[in-house]
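**Student:** Fold the following, please.
(one chain, ligands or ions: 2)
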Amino acid sequence: LVPRLEPFTSTIFAEMTALATRTGAVNLGQGFPDTDGPPSMLEVAREAIASGVNQYPPGPGRPELRAAIAAQRSGYGTRFDPDTEILVTVGATEAIAASMLALVQPGDEVVLFEPYYDSYAASVALAGAQRRVVPLAEAGDGRFAVDLDALAAAIGPRTRAILVNSPHNPTGTVFTRAELEGIAALCVEHDLIAVTDEVYESLTYDGVEHVPLGSLPGMAQRTLTISSAGKMFNCTGWKIGWACGPAELVSAVKAAKQFLTFVGGAPFQPAVAHALEHEAAWAAALREDLQGKRDRLAAGLAAAGFEVRRSAGTYFVCADVRPLGFTDGAELCWRLPERIGVAAVPVQVFTDNPDRWRHIVRFAFCKRDEVLDEAVKRLHKLA
Ligand code: PMP
Ligand code: GLN
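**Tutor:** Ligands and ions are numbered 1, 2, ... in the order given. Okay, the predicted model is just below:
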(Lines give C-alpha, C1' and ligand atoms only; values in the text may rest on other atoms or scores of the structure.)
(Ligands and ions follow the chains in the order given, each with its own letter.)
Protein backbone atom coordinates (compact mmCIF):
# COMPACT_ATOMS: atom_id res chain seq x y z
CA LEU A 1 0.00 0.00 0.00
CA VAL A 2 1.34 3.43 -0.88
CA PRO A 3 2.17 5.54 2.19
CA ARG A 4 -0.44 8.20 1.47
CA LEU A 5 -3.22 5.61 1.83
CA GLU A 6 -1.79 3.91 4.91
CA PRO A 7 -4.09 5.80 7.32
CA PHE A 8 -7.11 4.54 5.39
CA THR A 9 -6.93 0.76 5.54
CA SER A 10 -10.25 0.38 7.35
CA THR A 11 -13.32 2.45 8.15
CA ILE A 12 -14.90 2.96 11.53
CA PHE A 13 -18.27 2.02 10.02
CA ALA A 14 -17.08 -1.35 8.79
CA GLU A 15 -15.33 -2.08 12.07
CA MET A 16 -18.17 -0.99 14.35
CA THR A 17 -20.81 -2.80 12.31
CA ALA A 18 -18.70 -5.97 12.38
CA LEU A 19 -18.34 -5.64 16.16
CA ALA A 20 -22.07 -4.98 16.56
CA THR A 21 -22.89 -8.07 14.49
CA ARG A 22 -20.42 -10.23 16.39
CA THR A 23 -21.80 -9.18 19.77
CA GLY A 24 -25.48 -8.94 18.83
CA ALA A 25 -25.44 -5.25 19.75
CA VAL A 26 -28.06 -2.70 18.71
CA ASN A 27 -26.21 -0.85 15.96
CA LEU A 28 -26.52 2.91 16.37
CA GLY A 29 -23.04 3.24 14.86
CA GLN A 30 -23.27 3.07 11.07
CA GLY A 31 -26.00 5.35 9.73
CA PHE A 32 -28.43 3.39 7.60
CA PRO A 33 -32.20 3.07 7.94
CA ASP A 34 -33.83 -0.22 8.87
CA THR A 35 -36.94 0.30 6.76
CA ASP A 36 -37.38 0.58 2.98
CA GLY A 37 -38.01 3.52 0.71
CA PRO A 38 -41.27 4.38 -1.07
CA PRO A 39 -42.97 1.25 -2.49
CA SER A 40 -43.47 2.88 -5.90
CA MET A 41 -39.71 3.45 -6.17
CA LEU A 42 -38.99 -0.18 -5.35
CA GLU A 43 -41.58 -1.21 -7.94
CA VAL A 44 -40.00 0.92 -10.67
CA ALA A 45 -36.64 -0.74 -9.95
CA ARG A 46 -38.23 -4.21 -10.14
CA GLU A 47 -39.93 -3.29 -13.42
CA ALA A 48 -36.69 -1.89 -14.79
CA ILE A 49 -34.89 -5.16 -14.08
CA ALA A 50 -37.76 -7.19 -15.51
CA SER A 51 -37.87 -5.10 -18.67
CA GLY A 52 -34.15 -5.31 -19.41
CA VAL A 53 -32.66 -2.11 -17.98
CA ASN A 54 -29.62 -4.12 -17.04
CA GLN A 55 -26.80 -2.93 -19.30
CA TYR A 56 -24.51 0.10 -19.09
CA PRO A 57 -26.48 3.32 -18.78
CA PRO A 58 -25.20 6.45 -20.58
CA GLY A 59 -21.97 7.88 -19.16
CA PRO A 60 -23.51 10.99 -17.57
CA GLY A 61 -26.50 8.95 -16.27
CA ARG A 62 -29.93 8.17 -17.68
CA PRO A 63 -31.60 11.29 -19.12
CA GLU A 64 -34.79 10.92 -17.04
CA LEU A 65 -32.71 10.91 -13.86
CA ARG A 66 -30.69 13.96 -14.88
CA ALA A 67 -33.94 15.76 -15.74
CA ALA A 68 -35.43 14.80 -12.35
CA ILE A 69 -32.32 16.03 -10.52
CA ALA A 70 -32.47 19.35 -12.41
CA ALA A 71 -36.13 19.74 -11.45
CA GLN A 72 -35.42 18.90 -7.79
CA ARG A 73 -32.53 21.40 -7.62
CA SER A 74 -34.73 24.12 -9.15
CA GLY A 75 -36.63 24.01 -5.85
CA TYR A 76 -33.63 25.86 -4.39
CA GLY A 77 -33.67 28.42 -7.18
CA THR A 78 -30.63 26.89 -8.86
CA ARG A 79 -30.69 25.88 -12.53
CA PHE A 80 -28.61 23.12 -14.08
CA ASP A 81 -28.65 21.97 -17.67
CA PRO A 82 -29.30 18.21 -17.45
CA ASP A 83 -27.10 17.61 -20.51
CA THR A 84 -23.95 19.42 -19.45
CA GLU A 85 -24.24 20.34 -15.79
CA ILE A 86 -25.34 17.11 -14.08
CA LEU A 87 -23.40 13.88 -13.70
CA VAL A 88 -24.82 10.72 -12.10
CA THR A 89 -22.28 8.92 -9.90
CA VAL A 90 -21.98 5.78 -7.79
CA GLY A 91 -23.19 7.50 -4.64
CA ALA A 92 -21.99 10.81 -3.31
CA THR A 93 -18.83 8.98 -2.31
CA GLU A 94 -17.70 8.56 -5.90
CA ALA A 95 -18.64 12.14 -6.74
CA ILE A 96 -16.47 13.39 -3.87
CA ALA A 97 -13.51 11.20 -4.80
CA ALA A 98 -13.80 12.01 -8.51
CA SER A 99 -14.04 15.73 -7.77
CA MET A 100 -10.84 15.62 -5.75
CA LEU A 101 -9.06 13.58 -8.43
CA ALA A 102 -10.24 15.96 -11.13
CA LEU A 103 -9.84 19.31 -9.42
CA VAL A 104 -6.88 19.17 -7.05
CA GLN A 105 -3.33 17.94 -7.42
CA PRO A 106 -0.23 17.28 -5.34
CA GLY A 107 0.79 20.50 -3.63
CA ASP A 108 -2.77 21.79 -3.44
CA GLU A 109 -4.63 22.11 -0.17
CA VAL A 110 -8.27 21.34 0.49
CA VAL A 111 -10.05 22.80 3.49
CA LEU A 112 -12.32 20.50 5.50
CA PHE A 113 -14.41 21.28 8.53
CA GLU A 114 -13.64 18.97 11.43
CA PRO A 115 -15.11 16.53 12.33
CA TYR A 116 -15.19 15.45 8.68
CA TYR A 117 -16.90 12.49 7.02
CA ASP A 118 -14.17 9.89 6.68
CA SER A 119 -14.14 9.68 2.88
CA TYR A 120 -13.05 13.34 2.56
CA ALA A 121 -9.61 12.84 4.06
CA ALA A 122 -9.15 9.68 2.01
CA SER A 123 -10.27 11.39 -1.21
CA VAL A 124 -7.92 14.31 -0.65
CA ALA A 125 -5.13 11.78 -0.07
CA LEU A 126 -6.08 9.84 -3.22
CA ALA A 127 -5.55 13.04 -5.16
CA GLY A 128 -2.16 13.48 -3.48
CA ALA A 129 -3.27 16.80 -1.98
CA GLN A 130 -3.14 17.98 1.64
CA ARG A 131 -6.06 18.74 3.92
CA ARG A 132 -6.32 21.78 6.18
CA VAL A 133 -8.90 21.25 8.89
CA VAL A 134 -11.04 23.85 10.60
CA PRO A 135 -12.73 22.58 13.76
CA LEU A 136 -16.38 23.38 14.24
CA ALA A 137 -16.78 25.25 17.50
CA GLU A 138 -18.80 23.77 20.35
CA ALA A 139 -21.06 26.66 21.15
CA GLY A 140 -22.58 27.04 24.60
CA ASP A 141 -26.03 26.26 23.26
CA GLY A 142 -25.08 22.70 22.30
CA ARG A 143 -24.73 23.52 18.62
CA PHE A 144 -21.51 23.09 16.67
CA ALA A 145 -20.86 26.37 14.86
CA VAL A 146 -18.70 27.49 11.95
CA ASP A 147 -15.73 29.59 13.08
CA LEU A 148 -15.19 31.94 10.15
CA ASP A 149 -12.03 33.43 11.63
CA ALA A 150 -10.51 29.97 11.91
CA LEU A 151 -11.60 29.28 8.33
CA ALA A 152 -9.99 32.48 7.07
CA ALA A 153 -6.79 31.54 8.91
CA ALA A 154 -6.73 28.08 7.33
CA ILE A 155 -6.83 29.38 3.76
CA GLY A 156 -3.41 29.88 2.26
CA PRO A 157 -1.81 30.44 -1.15
CA ARG A 158 -1.97 26.73 -1.99
CA THR A 159 -5.63 26.31 -1.03
CA ARG A 160 -7.58 25.26 -4.07
CA ALA A 161 -10.88 23.96 -2.73
CA ILE A 162 -13.13 23.69 0.29
CA LEU A 163 -15.40 20.77 1.01
CA VAL A 164 -18.58 21.80 2.82
CA ASN A 165 -20.99 19.29 4.31
CA SER A 166 -24.34 20.59 5.50
CA PRO A 167 -26.45 19.11 7.04
CA HIS A 168 -23.30 17.94 8.76
CA ASN A 169 -22.30 14.39 9.60
CA PRO A 170 -21.46 13.60 12.40
CA THR A 171 -22.66 16.61 14.40
CA GLY A 172 -26.16 17.11 12.98
CA THR A 173 -25.39 20.80 12.54
CA VAL A 174 -27.16 22.57 9.70
CA PHE A 175 -25.05 25.51 8.59
CA THR A 176 -26.96 28.78 8.83
CA ARG A 177 -27.38 31.13 5.91
CA ALA A 178 -25.03 33.57 7.68
CA GLU A 179 -22.37 30.88 8.10
CA LEU A 180 -22.70 29.89 4.46
CA GLU A 181 -22.51 33.53 3.36
CA GLY A 182 -19.29 33.84 5.32
CA ILE A 183 -17.89 30.74 3.64
CA ALA A 184 -19.02 32.04 0.24
CA ALA A 185 -17.30 35.38 0.80
CA LEU A 186 -14.01 33.61 1.56
CA CYS A 187 -14.41 31.37 -1.51
CA VAL A 188 -14.86 34.42 -3.70
CA GLU A 189 -12.04 36.36 -2.03
CA HIS A 190 -9.55 33.49 -2.43
CA ASP A 191 -10.94 32.13 -5.69
CA LEU A 192 -11.66 28.69 -4.25
CA ILE A 193 -13.72 25.87 -5.70
CA ALA A 194 -16.45 24.79 -3.29
CA VAL A 195 -17.44 21.14 -3.27
CA THR A 196 -20.59 20.58 -1.25
CA ASP A 197 -21.89 17.36 0.25
CA GLU A 198 -25.64 17.76 0.65
CA VAL A 199 -26.64 14.12 1.05
CA TYR A 200 -28.78 15.02 4.09
CA GLU A 201 -30.44 17.96 2.31
CA SER A 202 -33.94 16.58 2.83
CA LEU A 203 -33.36 15.79 6.51
CA THR A 204 -33.54 19.04 8.47
CA TYR A 205 -35.75 19.44 11.53
CA ASP A 206 -37.66 22.05 13.49
CA GLY A 207 -38.28 24.09 10.34
CA VAL A 208 -34.54 24.71 9.84
CA GLU A 209 -33.89 25.31 6.13
CA HIS A 210 -31.18 23.72 4.03
CA VAL A 211 -29.37 26.39 2.04
CA PRO A 212 -27.18 25.09 -0.80
CA LEU A 213 -23.88 26.97 -0.85
CA GLY A 214 -24.13 27.06 -4.65
CA SER A 215 -27.35 29.08 -4.44
CA LEU A 216 -25.61 32.07 -2.85
CA PRO A 217 -24.49 35.06 -4.94
CA GLY A 218 -21.18 34.53 -6.71
CA MET A 219 -21.12 30.82 -5.96
CA ALA A 220 -22.88 29.11 -8.91
CA GLN A 221 -19.81 29.34 -11.14
CA ARG A 222 -17.42 27.93 -8.53
CA THR A 223 -19.51 25.28 -6.75
CA LEU A 224 -19.83 21.59 -7.38
CA THR A 225 -22.97 20.45 -5.60
CA ILE A 226 -23.05 16.80 -4.59
CA SER A 227 -25.95 14.80 -3.25
CA SER A 228 -27.48 11.35 -3.46
CA ALA A 229 -30.68 9.37 -3.13
CA GLY A 230 -29.64 7.15 -0.23
CA LYS A 231 -30.81 9.36 2.62
CA MET A 232 -33.70 10.94 0.77
CA PHE A 233 -35.41 7.64 -0.03
CA ASN A 234 -33.98 5.06 2.43
CA CYS A 235 -31.88 3.35 -0.23
CA THR A 236 -28.31 3.73 0.99
CA GLY A 237 -27.29 0.49 -0.73
CA TRP A 238 -28.33 1.63 -4.21
CA LYS A 239 -25.49 4.13 -4.43
CA ILE A 240 -27.10 6.57 -6.82
CA GLY A 241 -25.52 9.98 -6.39
CA TRP A 242 -24.87 13.06 -8.48
CA ALA A 243 -22.74 16.12 -8.99
CA CYS A 244 -24.17 19.36 -10.36
CA GLY A 245 -22.33 22.50 -11.33
CA PRO A 246 -20.95 24.58 -14.16
CA ALA A 247 -20.21 22.48 -17.26
CA GLU A 248 -16.48 23.04 -16.87
CA LEU A 249 -16.38 21.53 -13.37
CA VAL A 250 -18.82 18.73 -14.16
CA SER A 251 -16.94 17.66 -17.27
CA ALA A 252 -13.71 17.61 -15.24
CA VAL A 253 -15.32 15.33 -12.66
CA LYS A 254 -16.69 13.16 -15.46
CA ALA A 255 -13.16 12.69 -16.80
CA ALA A 256 -12.14 11.09 -13.49
CA LYS A 257 -15.44 9.30 -12.87
CA GLN A 258 -15.50 7.51 -16.19
CA PHE A 259 -12.30 5.66 -15.31
CA LEU A 260 -13.29 4.85 -11.76
CA THR A 261 -16.61 3.12 -12.43
CA PHE A 262 -17.63 4.35 -15.90
CA VAL A 263 -21.31 4.07 -14.92
CA GLY A 264 -23.43 2.36 -12.28
CA GLY A 265 -26.81 1.25 -11.00
CA ALA A 266 -28.72 1.06 -14.31
CA PRO A 267 -32.11 -0.16 -13.00
CA PHE A 268 -31.94 2.07 -9.93
CA GLN A 269 -31.59 5.22 -11.99
CA PRO A 270 -35.18 5.27 -13.34
CA ALA A 271 -36.42 4.31 -9.88
CA VAL A 272 -34.68 7.27 -8.26
CA ALA A 273 -35.90 9.53 -11.08
CA HIS A 274 -39.43 8.36 -10.30
CA ALA A 275 -38.98 9.01 -6.59
CA LEU A 276 -37.58 12.51 -7.14
CA GLU A 277 -40.57 13.34 -9.34
CA HIS A 278 -43.40 11.63 -7.49
CA GLU A 279 -42.40 10.89 -3.91
CA ALA A 280 -41.67 14.32 -2.44
CA ALA A 281 -44.52 13.75 0.03
CA TRP A 282 -42.92 10.48 1.11
CA ALA A 283 -39.62 12.30 1.70
CA ALA A 284 -41.42 15.00 3.69
CA ALA A 285 -43.07 12.34 5.86
CA LEU A 286 -39.67 10.73 6.41
CA ARG A 287 -38.33 14.04 7.67
CA GLU A 288 -41.20 14.30 10.18
CA ASP A 289 -40.64 10.76 11.25
CA LEU A 290 -36.91 11.25 11.75
CA GLN A 291 -37.46 14.43 13.71
CA GLY A 292 -39.53 12.36 16.14
CA LYS A 293 -36.80 9.73 16.27
CA ARG A 294 -34.19 12.37 17.01
CA ASP A 295 -36.33 13.58 19.91
CA ARG A 296 -36.90 10.03 21.12
CA LEU A 297 -33.22 9.11 21.13
CA ALA A 298 -32.05 12.48 22.48
CA ALA A 299 -34.48 12.20 25.40
CA GLY A 300 -33.40 8.62 26.05
CA LEU A 301 -29.71 9.52 25.98
CA ALA A 302 -30.29 12.40 28.37
CA ALA A 303 -32.23 10.12 30.72
CA ALA A 304 -29.35 7.63 30.57
CA GLY A 305 -26.95 10.35 31.74
CA PHE A 306 -25.38 11.73 28.57
CA GLU A 307 -25.20 15.44 27.85
CA VAL A 308 -26.86 15.62 24.47
CA ARG A 309 -25.80 18.13 21.82
CA ARG A 310 -28.23 19.80 19.39
CA SER A 311 -28.95 18.09 16.11
CA ALA A 312 -30.99 19.96 13.48
CA GLY A 313 -30.49 17.49 10.66
CA THR A 314 -29.02 14.19 9.39
CA TYR A 315 -29.39 10.76 10.99
CA PHE A 316 -27.21 11.65 13.97
CA VAL A 317 -27.13 13.11 17.43
CA CYS A 318 -23.92 13.63 19.39
CA ALA A 319 -23.51 13.32 23.11
CA ASP A 320 -20.88 14.17 25.71
CA VAL A 321 -19.86 11.08 27.67
CA ARG A 322 -18.18 12.91 30.58
CA PRO A 323 -21.25 13.21 32.81
CA LEU A 324 -21.24 9.39 32.97
CA GLY A 325 -17.66 9.40 34.20
CA PHE A 326 -15.99 8.49 30.92
CA THR A 327 -13.22 10.55 29.36
CA ASP A 328 -12.53 8.79 26.07
CA GLY A 329 -15.33 8.23 23.58
CA ALA A 330 -13.28 5.79 21.52
CA GLU A 331 -12.47 3.62 24.49
CA LEU A 332 -16.14 3.65 25.44
CA CYS A 333 -17.36 2.83 21.92
CA TRP A 334 -15.00 -0.10 21.56
CA ARG A 335 -16.25 -1.60 24.84
CA LEU A 336 -19.92 -0.68 24.58
CA PRO A 337 -21.10 -3.57 22.34
CA GLU A 338 -19.61 -6.23 24.60
CA ARG A 339 -20.52 -4.47 27.83
CA ILE A 340 -24.15 -3.47 27.25
CA GLY A 341 -24.97 -4.41 23.65
CA VAL A 342 -25.04 -1.02 21.91
CA ALA A 343 -22.78 0.28 19.12
CA ALA A 344 -21.97 3.96 18.60
CA VAL A 345 -19.18 5.86 16.86
CA PRO A 346 -16.50 8.03 18.51
CA VAL A 347 -16.32 11.43 16.83
CA GLN A 348 -12.55 11.78 17.38
CA VAL A 349 -11.92 9.33 14.52
CA PHE A 350 -13.27 11.96 12.11
CA THR A 351 -10.70 14.53 13.20
CA ASP A 352 -7.05 15.55 13.17
CA ASN A 353 -7.38 16.85 16.74
CA PRO A 354 -8.68 13.88 18.72
CA ASP A 355 -8.14 15.57 22.10
CA ARG A 356 -10.59 18.26 21.21
CA TRP A 357 -13.30 15.71 20.38
CA ARG A 358 -12.51 12.87 22.77
CA HIS A 359 -15.66 13.36 24.86
CA ILE A 360 -18.10 13.25 21.95
CA VAL A 361 -19.85 10.13 20.67
CA ARG A 362 -22.25 9.89 17.73
CA PHE A 363 -25.51 7.90 17.80
CA ALA A 364 -27.67 7.18 14.73
CA PHE A 365 -31.43 7.57 15.18
CA CYS A 366 -32.52 6.36 11.71
CA LYS A 367 -33.92 3.17 13.25
CA ARG A 368 -37.32 1.75 14.15
CA ASP A 369 -38.68 3.09 17.45
CA GLU A 370 -38.41 -0.28 19.16
CA VAL A 371 -34.74 -0.47 18.20
CA LEU A 372 -34.10 2.99 19.65
CA ASP A 373 -36.00 2.08 22.82
CA GLU A 374 -34.01 -1.11 23.25
CA ALA A 375 -30.74 0.80 22.83
CA VAL A 376 -31.80 3.37 25.43
CA LYS A 377 -32.84 0.64 27.83
CA ARG A 378 -29.39 -0.92 27.53
CA LEU A 379 -27.63 2.45 27.81
CA HIS A 380 -29.27 3.03 31.19
CA LYS A 381 -27.02 0.26 32.52
CA LEU A 382 -24.05 2.61 32.16
CA ALA A 383 -25.13 4.85 35.01
N1 PMP B 1 -21.48 12.11 2.71
C2 PMP B 1 -21.92 11.98 3.96
C3 PMP B 1 -21.85 13.15 4.87
C4 PMP B 1 -22.43 10.76 4.40
O5 PMP B 1 -22.86 10.63 5.65
C6 PMP B 1 -22.45 9.67 3.52
C7 PMP B 1 -22.84 8.32 4.01
N8 PMP B 1 -23.99 7.96 3.93
C9 PMP B 1 -22.01 9.86 2.21
C10 PMP B 1 -21.51 11.08 1.85
C11 PMP B 1 -22.02 8.77 1.22
O12 PMP B 1 -23.12 8.84 0.40
P13 PMP B 1 -23.38 7.73 -0.72
O14 PMP B 1 -23.85 6.53 -0.01
O15 PMP B 1 -24.38 8.36 -1.59
O16 PMP B 1 -22.08 7.49 -1.39
N1 GLN C 1 -22.61 7.55 6.07
C2 GLN C 1 -22.81 6.50 7.01
C3 GLN C 1 -22.47 6.99 8.39
O4 GLN C 1 -21.95 8.06 8.57
C5 GLN C 1 -21.98 5.30 6.76
C6 GLN C 1 -21.56 5.02 5.38
C7 GLN C 1 -20.45 4.03 5.38
O8 GLN C 1 -20.51 3.00 6.04
N9 GLN C 1 -19.41 4.34 4.68
O10 GLN C 1 -22.74 6.28 9.32
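
**Student:** Quick check, the residue in the stretch 1-150 of the chain closest to ligand 1?
**Tutor:** Nearest residue of the stretch 1-150 of the chain to ligand 1: Gly91, at 2.4 Å (CB to the nearest ligand atom). (C-beta placed from N, C-alpha, C; glycine too.)

**Student:** right, and that residue touches Gly241 too?
**Tutor:** Yes - between Gly91 and Gly241 there is a contact under CB atoms under 8 Å: 4.3 Å.

**Student:** Nearest residue to Glu138 in space, please, no chain neighbours.
**Tutor:** Leaving aside its sequence neighbours, Glu138 sits nearest to Phe144 (CB to CB, 6 or more residues apart in numbering; 6.0 Å).

**Student:** Please name the residues that touch the residue of the stretch 1-150 of the chain closest to ligand 1.
**Tutor:** Applying CB atoms under 8 Å, 6 or more residues apart in numbering, we find Gly91 in contact with 228, 230, 239-241.

**Student:** now, which of the residues you listed lie close to ligand 1?
**Tutor:** Among the contacts of Gly91, the residues within reach of ligand 1 (CB under 6 Å from any ligand atom) are 228, 230, 239, 241.

**Student:** Please state the backbone phi and psi of the last one?
**Tutor:** Torsion angles at Gly241 (phi, psi; degrees, to the nearest 10) stand at phi -130, psi -180.

**Student:** Burial check on it, number of neighbours?
**Tutor:** By other CB atoms under 10 Å, 26 other residues sit near Gly241.

**Student:** which residues does the residue nearest to it when sequence neighbours are not counted contact?
**Tutor:** Leaving out its chain neighbours, the residue that sits closest to Gly241 by CB to CB, 6+ apart is Ser228, at 3.4 Å. Contact partners of Ser228, counting by CB under 8 Å, 6+ apart, are 89, 91-92, 95, 199, 239-242.

**Student:** likewise Gly292?
**Tutor:** Applying CB under 8 Å, 6+ apart, we find Gly292 in contact with no residue.

**Student:** Please identify the residues of the stretch 1-150 of the chain in proximity to ligand 2?
**Tutor:** So the stretch 1-150 of the chain meets ligand 2 at 11, 13, 30-31 (CB under 6 Å from any ligand atom).

**Student:** wait, doesn't the residue nearest to Glu138 sit right on Thr171?
**Tutor:** Yes - the pair Phe144 / Thr171 is scored as a contact, 4.2 Å apart, by CB under 8 Å.

**Student:** Need the residues touching each of the two.
**Tutor:** 136, 309, 318.

**Student:** Out of these, who's the most crowded?
**Tutor:** Neighbour counts for those peak at Cys318, which has 30 neighbours (criterion: other CB under 10 Å).

**Student:** Could I get the pLDDT score of the closest residue in space to that one that isn't next to it in sequence?
**Tutor:** Nearest residue to Cys318, sequence neighbours excluded (CB to CB, 6+ apart): Arg309, at 4.4 Å. On the pLDDT scale, Arg309 is placed at 98.

**Student:** can I see the domain layout of the protein?
**Tutor:** What automatic domain parsing lists as the domains of the chain is 3-37+281-382, 39-278.

**Student:** that older thread, in a markdown table, list the contacts of Gly91 along with secondary structure and distance to ligand 2.
**Tutor:** Listed next are the contacts of Gly91 as a markdown table, based on DSSP: H, G, I helix; E, B strand; the rest coil; distance: CB to the nearest ligand atom, whole Å:
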| residue | secondary structure | distance to ligand 2 |
| --- | --- | --- |
| Ser228 | strand | 10 |
| Gly230 | coil | 8 |
| Lys239 | coil | 11 |
| Ile240 | strand | 15 |
| Gly241 | strand | 12 |
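
**Student:** Just name the closest of these to ligand 1, please.
**Tutor:** Ser228 (3.2 Å).

**Student:** So for that closest one, what's the pLDDT?
**Tutor:** The model reports Ser228 with a pLDDT of 98.

**Student:** List the contacts of Lys367.
**Tutor:** 26, 28, 33-34, 293, 375.

**Student:** Which residues of the stretch 51-200 of the chain lie near ligand 1?
**Tutor:** 91-93, 117, 165, 169, 197, 199.

**Student:** What is the nearest of these to Val371?
**Tutor:** Asn169 (19.7 Å; CB to CB).

**Student:** Doesn't that closest one lie inside a strand?
**Tutor:** No - under DSSP: H, G, I helix; E, B strand; the rest coil, Asn169 sits outside any strand and is assigned coil.
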